[in-house]
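Asks: only geometry, no sequence info:
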């Protein structure tokens, strides 16, 4: 009914998270109604990102400079490395503005189901980085999921002889969280990790 | 925190219907994780659509051929023209597979609020098309909204002397609709338009 080009665009848009077949079709029409203000700039932005953005060879972050802006920033604390699963987690940490050290992006978690082993993760460079003289602490900021915690275990194991302190994010009641709505596991963890008031 | 290129891509993706700032960021990362299978093909598909897809000069449909596949199809009934607001509505009609005539896309509705007058719509060509000898009926398939119905009124007015029968879509209970959940207006319309069982 519509041209094969629109059909192809719709199918590709439908692969984006958050868009289904119906909303992808709506997005395609939206783009065709806004050629100069949206369609052309989006095509250019995609090409630009494809050409310029690479994974930082040191930490794995995505940026258009090499090494990335965080690794290259001399004002950041080089003694602490925060290990995250994905670039999205690094961005979340940066948005929180609570960490001024450097990062290391694993690029996923170990997963027996998905067939992801230690060699599939960005682990080799990490041990080397942790052995560097200036590094004193490594923070495991992995997701509080089964896979995330299993990965944290393996990473901690690898770093056992690197001569660094290994810490992990605290688990507990999230800000604004109501006990009545909290899952049992979180509540139990918060109770175990209770601190003097 | 991330490169300016990623930031720009995220901002453009956030302009798509169905994507907000958060899901646009997720989509940008999704694209960067799937460069060869998604990012590059999407950039190419956008460029291809921009270069090849145009509005049909006869009916206003979007297609890569001129006139569009529907206008060029000799097996379609040239005696009936179905008037729709947007290309999306034309596609919806085609999906229903209930109409084998030709279309005319207005490109919107009259709207005092948005400042859309008759001259902003694809109306001039329509009167000319309706006057053609083979055309015997024009179906007003506009949305059952205030603007849609006001537009239907104006279009019917323009076509009054074109020598064609003018009809509009029936209003009534949608398939699978339960009376208890139906709005009063629809129920009243369905009652007024009741037919012998």
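Replies: Sure thing, it's come through. All values derive from a computational prediction rather than experimental measurement. Numbering: from 1, shown residues only, chains lettered A, B, ... in the order given.

Asks: residues touching residue A:109, list them.
Replies: For residue A:109, the residues meeting the contact criterion (C-beta atoms under 8 Å, 6 or more residues apart in numbering or on different chains) are A:85, A:116, A:121, A:142-143, A:145, A:147-148, A:150-151. In this view, the C-beta of every residue, glycine as well, is placed from N, C-alpha and C.

Asks: same check, this time on residue A:18
Replies: Residues in contact with residue A:18 (C-beta under 8 Å, 6+ apart) are B:18-19, B:23, B:26-27.

Asks: buried set for the helix or strand that contains residue A:125?
Replies: Following DSSP states H and E, the helix or strand that holds residue A:125 is helix A:124-131. Neighbour counts using 16 or more other C-beta atoms under 10 Å in any protein chain shown place A:126, A:129-130 of helix A:124-131 among the buried residues.

Asks: one step back: just the buried residues out of the contacts of residue A:18, in PyMOL syntax.
Replies: In PyMOL, a selection of the buried entries from these looks like this (16+ other C-beta under 10 Å):
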select buried, chain B and resi 18+19+23+26+27
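
Asks: now do the strands in chain A.
Replies: A:54-55, A:62-63, A:80-84, A:102-105, A:137-140, A:165-168 (DSSP state E).

Asks: so which of those strands gets nearest chain B?
Replies: Across those, the minimum distance to chain B, taken as C-beta to the nearest C-beta, is reached by strand A:62-63, at 4.6 Å.

Asks: does that closest one reach chain B?
Replies: Yes - using C-beta under 8 Å from any C-beta of the partner chain as the criterion, contacts between strand A:62-63 and chain B involve A:62-63.

Asks: for residue B:25, see how far away the spatially most central residue of chain A is.
Replies: Nearest to the mean C-alpha position of chain A, counting by C-alpha atoms, centre = their mean, stands residue A:86 at 2.3 Å. Between residue A:86 and residue B:25 the distance is 12 Å, computed by C-beta to C-beta, to the nearest Å.

Asks: with residue A:189 instead?
Replies: 29 Å.

Asks: now do residue A:37
Replies: In this structure, residue A:37 and residue B:25 are separated by 21 Å, where distance is defined by C-beta to C-beta.

Asks: tell me which of those two has more neighbours.
Replies: Of the pair residue A:37 and residue B:25, residue B:25 is the one with more neighbours under other C-beta atoms under 10 Å in any protein chain shown, namely 22 against 12.

Asks: chain neighbours aside, what residue packs nearest to that one?
Replies: Spatially, and ignoring its direct neighbours in sequence, residue B:25 is nearest to residue B:10 (5.1 Å; C-beta to C-beta, 6 or more residues apart in numbering or on different chains).

Asks: wait, the one you found sits on residue B:29?
Replies: No - the pair residue B:10 and residue B:29 fails to qualify as a contact (C-beta atoms under 8 Å) at a distance of 9.1 Å.

Asks: more crowded one of those two?
Replies: Comparing residue B:10 with residue B:29 by neighbour count (other C-beta under 10 Å), the higher total belongs to residue B:10, at 22 against 19.

Asks: residues contacting the more buried one?
Replies: Contact criterion C-beta under 8 Å, 6+ apart gives B:21, B:24-25, B:27-28 as the residues in contact with residue B:10.

Asks: buried ones in the lowest-mean-pLDDT helix or strand in chain A?
Replies: When each helix and strand of chain A is scored by mean pLDDT, DSSP states H and E, helix A:184-192 comes last, with a mean of 85. Within helix A:184-192, the residues that count as buried by 16+ other C-beta under 10 Å are A:186, A:189-190.

Asks: hmm, who's touching that helix?
Replies: Residues from elsewhere that reach helix A:184-192 (C-beta under 8 Å, 6+ apart): A:171-173, A:179, A:182.

Asks: one more time with 10 Å
Replies: Counting by C-beta atoms under 10 Å, 6 or more residues apart in numbering or on different chains, helix A:184-192 makes contact with A:144, A:170-174, A:177, A:179-180, A:182-183, all of which sit outside it.

Asks: cool, stretch A:116-123 as well?
Replies: Defining contact as C-beta under 10 Å, 6+ apart, one finds that stretch A:116-123 is touched by A:55, A:59-60, A:83, A:85, A:104-111, A:114, A:124, A:147, A:151, A:154-155, A:157-159.

Asks: next: stretch A:134-142.
Replies: Among residues not part of stretch A:134-142, those counted as contacts by C-beta under 10 Å, 6+ apart are A:77-85, A:89-90, A:92-93, A:99, A:101-104, A:106, A:109, A:126, A:129-130, A:148-153, A:155-156, A:159, A:162-169.
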